[in-house]
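S.K.: here is the input, now give the coordinates:
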Amino acid sequence: MITGWGAAQAPATLTGMSELPPTAWLVDPDIAYLNHGGFGALPRPVADAAAAIRAEIEANPTDMLMRRWQPQVDAVRARVAAFLRTDAANLVFVGNATAGTATVLASLDWQPGDEVVSTDHRYPAVASQLGVLLRSGVKVVEQHVPVDVTSAAQVVDLVMAGVTARTKLVVVDHIASPTGFVFPVAEVAAAARERGLPVLVDAAHAPGQVDVDVDALGVDFWVGNLHKWVCSPRGCAGLVVAPRWQDVVRPRVASHGYASGYHEAFDWTGTADAVPLLAVPAALDFWDGLGWDAVRAYQRDVVTAGAHAVADAIGTEVAIADEFTAAIRIVRLPVVLGTDAEREKVAYGLIADHGVTAHITEHAGTTYVRMCGQLYNTPEHYDRLAAALPKVLDA
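M.R.: Numbers count the residues shown, from 1 in each chain. Sure thing, here's the model as predicted:
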């Protein structure tokens, strides 16, 4: 059930939320902000905690970043590992999921003629990283997965149909950025294991949006952002590497601990902003206090109802069956926008003229509007998108 909330009332579907109005977020309450998946957004309690951490660091940077750094990183690692349900020994931190996937790909021993299988739901930056492998004579096989698939087995068959005797790695999304499609990762990984193939999972959108049990997935490499749906400040991500690969995977920047081991190589790769990582526990505290099940139920309910309202208004349909979605939905546009410039024009028109932020995306030659569901979103936000889209498309 969807219930909206006004300036002083939170969603009725969330117990204990009566004192969490939309102003509990830094998002402009006058904007219908439907692109949480793009860059995340900060709740005020997390922003306040991050500000306090920054002040503490700046009071004595040398003490914090040299003497106190490792115990704090280890404490965050233990907290995040428990959240992702993996052993802390498997977890390191990187700047974002793009950096994590690039790190894994650069660490593997590629030979001319090797092949890597991916899908056409992959994030554009991952496609770029795979493209780099072409310089080494590696063939990238991109499998088409239609948005109207009806079973996990169908997805597995489509992905594995790209595997040959030369395949060295399977790359799959946990939740695809362009489409919001939730892949049956465990099933894909099981099929890959039968062929003796490692699996790399781009889980940029998974932590927080869905309940994650990394170890149960049975994958070799998994990287997920903590600044999107967990809502730590940008940017911070967790990279989980199976034990058999921990002597192989190393950061692309070799710094002080590079030769000392897996954790040591990643825990200090040069001076970077420590706040996003150290603020992760505050973000987890925020969500723990609300209750993850209730939060995810609201996110999914509000975006699903909103997507259907948008589809009805523009005379199209919501793509992707409910069982393959979470808090991101896509609705087909009645026109095809074939270039980045055309899609950007519509997205910019929505925000500039109508105060609506949504992402215009493309998959397999079809154009969609992608919308997300977060606690600060209300049904009225999707109604605003539904009213604005025809005007922007006709402009």
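S.K.: when you work out contacts or count neighbours from here on, use the C-alpha atoms and nothing else.
M.R.: OK.
S.K.: got the CA positions of the helix or strand of the chain at the bottom of the mean pLDDT ranking in PDB?
M.R.: Lowest on mean pLDDT, DSSP states H and E among the helices and strands of the chain sits helix 124-133, with a mean of 89. Extracted C-alpha coordinates of helix 124-133, given in PDB (Å, rounded to 0.1, in the frame of the first residue of the first chain):
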ATOM      1  CA  PRO A 124      28.600   2.400 -19.600                       C
ATOM      2  CA  ALA A 125      31.800   2.800 -17.500                       C
ATOM      3  CA  VAL A 126      32.100  -1.000 -17.200                       C
ATOM      4  CA  ALA A 127      31.600  -1.300 -20.900                       C
ATOM      5  CA  SER A 128      34.500   1.200 -21.300                       C
ATOM      6  CA  GLN A 129      36.700  -0.900 -18.900                       C
ATOM      7  CA  LEU A 130      35.900  -4.100 -20.900                       C
ATOM      8  CA  GLY A 131      36.800  -2.100 -24.000                       C
ATOM      9  CA  VAL A 132      40.200  -1.500 -22.700                       C
ATOM     10  CA  LEU A 133      40.800  -5.300 -22.700                       C
END
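S.K.: show me what it packs onto, helices and strands only.
M.R.: helix 97-107, strand 139-143 (3 or more CA pairs under 8 Å, 6 or more residues apart in numbering; DSSP states H and E).
S.K.: what's the most buried one of those?
M.R.: Highest mean neighbour count among the helices and strands packed on helix 124-133 (mean count of other CA atoms under 10 Å): helix 97-107, with a mean of 21.
S.K.: tell me the domain ranges of the protein?
M.R.: 22-30+291-394, 60-284 (automatic domain parsing).
S.K.: thinking again about what came up before, looking at the helices and strands packed on helix 124-133, which is closest to Pro198?
M.R.: Pro198 lies closest, by CA to CA, to one member of these: helix 97-107, at 11.3 Å.
S.K.: distance between the following helix or strand past that closest one and the chain's centre?
M.R.: The first helix or strand that comes after helix 97-107 along the chain, using DSSP states H and E, is strand 115-119. Centre-to-centre, strand 115-119 and its host chain are 20 Å apart (CA atoms, centre = their mean, to the nearest Å).
S.K.: number the residues from 55 up from this point.
M.R.: All right, first residue 55 from here; so that's strand 169-173.
S.K.: so what touches strand 169-173?
M.R.: 192-199, 213, 216-218, 220-226 (CA atoms under 8 Å, 6 or more residues apart in numbering).
S.K.: now the strands for the stretch 105-254 of the chain?
M.R.: Under the criterion DSSP state E, counting those that start in this stretch, the stretch 105-254 of the chain carries strands at the ranges 145-148, 169-173, 193-197, 221-227, 253-256.
S.K.: where do the strands sit along the stretch 305-449 of the chain?
M.R.: Under DSSP E, counting those that start in this stretch, the stretch 305-449 of the chain gives strands at 372-373, 382-386, 410-411, 413-417, 420-426.
S.K.: next, the angle from the second one to strand 420-426.
M.R.: What it means is strand 382-386. Per axes from the mean of the first three to the mean of the last three CA atoms, to 10 degrees, the angle that strand 382-386 makes with strand 420-426 is 150 degrees.
S.K.: report all helices and strands that strand 382-386 contacts.
M.R.: Looks like strand 382-386 contacts helix 346-368, strand 372-373, strand 420-426 (3+ CA pairs under 8 Å, 6+ apart).
S.K.: out of these, flag the one nearest Ala441.
M.R.: helix 346-368 (7.4 Å).
S.K.: got the buried residues for the closest one?
M.R.: Using 16 or more other CA atoms under 10 Å as the test for burial, helix 346-368 gives 346, 349-365, 367-368.
S.K.: now do that helix: distance to the chain's middle.
M.R.: Per CA atoms, centre = their mean, the centroid offset for helix 346-368 relative to its chain is 18 Å.
S.K.: how about residues contacting that helix?
M.R.: 55-56, 65, 67-69, 262-264, 341, 371-372, 380-388, 425-429, 431-433, 436-437, 439-441, 443-444.
S.K.: buried ones among the residues you listed?
M.R.: Buried among the contacts of helix 346-368 by 16+ other CA under 10 Å: 56, 65, 67-68, 262-264, 341, 371-372, 380-388, 425-429, 431-433, 436-437, 439-440, 443.
S.K.: any idea how far Ile414 lies from Asp84?
M.R.: 21 Å (CA to CA, to the nearest Å).
S.K.: neighbour count for the two, which is higher?
M.R.: Ile414 (24 against 9; other CA atoms under 10 Å).
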